[in-house]
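Participant: Next comes the sequence, and after it the predicted model I'd like to discuss.
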Amino acid sequence: MLKPTKHTNIKFSVIYIAGKILSFLTKETIIKYDDLKEMLIHEIGVKSKNNVDFALTFLFAIDKVEYIKNIDAVKLLSNDDED
């Protein structure tokens, strides 16, 4: 099990980056992958680049985003099934 230490910066965690991705996607439903990565680097910092793919994988696994291969973009999926 991984445990955070006093040297762990939560800003670069997968969960924090996933939250930022969701906040970007609520403003723009579809964002090109490279643009999304640049937005995260600008907002959080260069070290966030290491966990962007892990955050996107996490969001894909919980069915929040979809990857659109032909335009290399990420799309926010609707939450119609939630109350």
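Facilitator: Arrived safely. Given the structure is predicted, the values throughout are model-derived calculations rather than measurements.
Participant: For the top helix by length along the chain, list every residue counted as buried.
Facilitator: Secondary structure assigned by DSSP state H gives helix 14-27 as the longest helix of the chain. Neighbour counts using 16 or more other C-beta atoms under 10 Å place 14, 16, 17, 18, 20, 21, 24, 25 of helix 14-27 among the buried residues. Using the backbone N, CA and C atoms, a C-beta is placed for each residue, glycine as well.
Participant: now the fourth one, nearest residue through space, not along the chain?
Facilitator: Right, the one you point to is residue 18. residue 55 (4.2 Å; C-beta to C-beta, 6 or more residues apart in numbering).
Participant: how close does the one you found get to residue 63?
Facilitator: Distance of residue 55 to residue 63, given as C-beta to C-beta, to the nearest Å: 15 Å.
Participant: more neighbours, these two?
Facilitator: The neighbour count for residue 55 versus residue 63, taken as other C-beta atoms under 10 Å, is higher for residue 55 (22 against 10).
Participant: Work out for me the element that one sits within.
Facilitator: helix 52-61 (DSSP states H and E).
Participant: if we can go back for a sec, if we take the buried residues of helix 14-27, which one ends up nearest to residue 43?
Facilitator: Closest approach to residue 43 among these (C-beta to C-beta): residue 20, at 6.2 Å.
Participant: Enumerate every residue touching residue 31.
Facilitator: When contacts are counted by C-beta atoms under 8 Å, 6 or more residues apart in numbering, residue 31 is found next to 24, 25, 39, 73, 74.
Participant: swap the cut-off to 10 Å and go again
Facilitator: 21, 24, 25, 37, 38, 39, 65, 73, 74, 75, 76 (C-beta atoms under 10 Å, 6 or more residues apart in numbering).
Participant: now the angle between helix 52-61 and whatever helix or strand the fifth one lives in, please.
Facilitator: Here residue 38 is covered by helix 33-43, with elements defined by DSSP H and E. What separates the directions of helix 33-43 and helix 52-61 is an angle of 120 degrees, with axes from the mean of the first three to the mean of the last three C-alpha atoms, to 10 degrees.
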